[in-house]
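[1] Return a 3D structure for these sequence lines:
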Amino acid sequence: MRSSEHFAASVPVTTLALVLVRKRCSRTRLALFGIYGLALGVFIDLDHFLLARIYAGDWHHLIDALTDPIEAFVEQEAIFDDIRDMTRQRLLSHVLVGGTLVGLTRRLSRPWGIVTALVLYWHLVCDLLRDNRIV
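    Next comes the predicted model:
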């Protein structure tokens, strides 16, 4: 999915997470969790650059994206064109990174762990729905 689609998909699930943790958090903390949830729903995809590094042997995909961030957002499908299909590895990476993040954030605070778990779970579901051409 494109970053804009992940952002849009993160809005309702982050809202749900905030509703679930609202009684345990101040308004300031809820606002921070809201920003965190929306950012996490998009930026978990940065793990794709690590996979690209493994496959390509260098960091040119990341360097290209940092050099021209507008192009990286506008032409996302072209970023990893020179790499064979990374679908399975990308999903596995999300599970490994996501599981680690859920465990770490849960140890720091239950509400933080809840927000992390819900947002990353939904991100993974969205990727699976798109990869299987359901949406």
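
[2] which parts of the one helix or strand in the chain whose mean pLDDT sits lowest are buried?
    Sorted by mean pLDDT, DSSP states H and E, the helices and strands of the chain end with helix 69-74, the least confident at a mean of 84. Residues Ala72 are the ones in helix 69-74 that count as buried (16 or more other C-beta atoms under 10 Å). To be clear about C-beta, it is placed using only N, CA and C from the backbone, and glycine gets the same treatment.

[3] Pick out the residue nearest the middle of the protein.
    Nearest to the mean C-alpha position of the chain, counting by C-alpha atoms, centre = their mean, stands Ile44 at 2.7 Å.

[4] on contacts alone, who are the packing partners of the helix or strand hosting Val19?
    Val19 belongs to helix 3-21 when assigned by DSSP states H and E. Using 3 or more C-beta pairs under 8 Å, 6 or more residues apart in numbering; DSSP states H and E as the contact test, the elements touching helix 3-21 are helix 27-43, helix 110-131.

[5] need the ones you listed in JSON lines with mean neighbour count, can you?
    As requested, those are arranged in JSON lines below (neighbours: other C-beta atoms under 10 Å):
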{"stretch": "helix 27-43", "mean neighbour count": "16"}
{"stretch": "helix 110-131", "mean neighbour count": "19"}
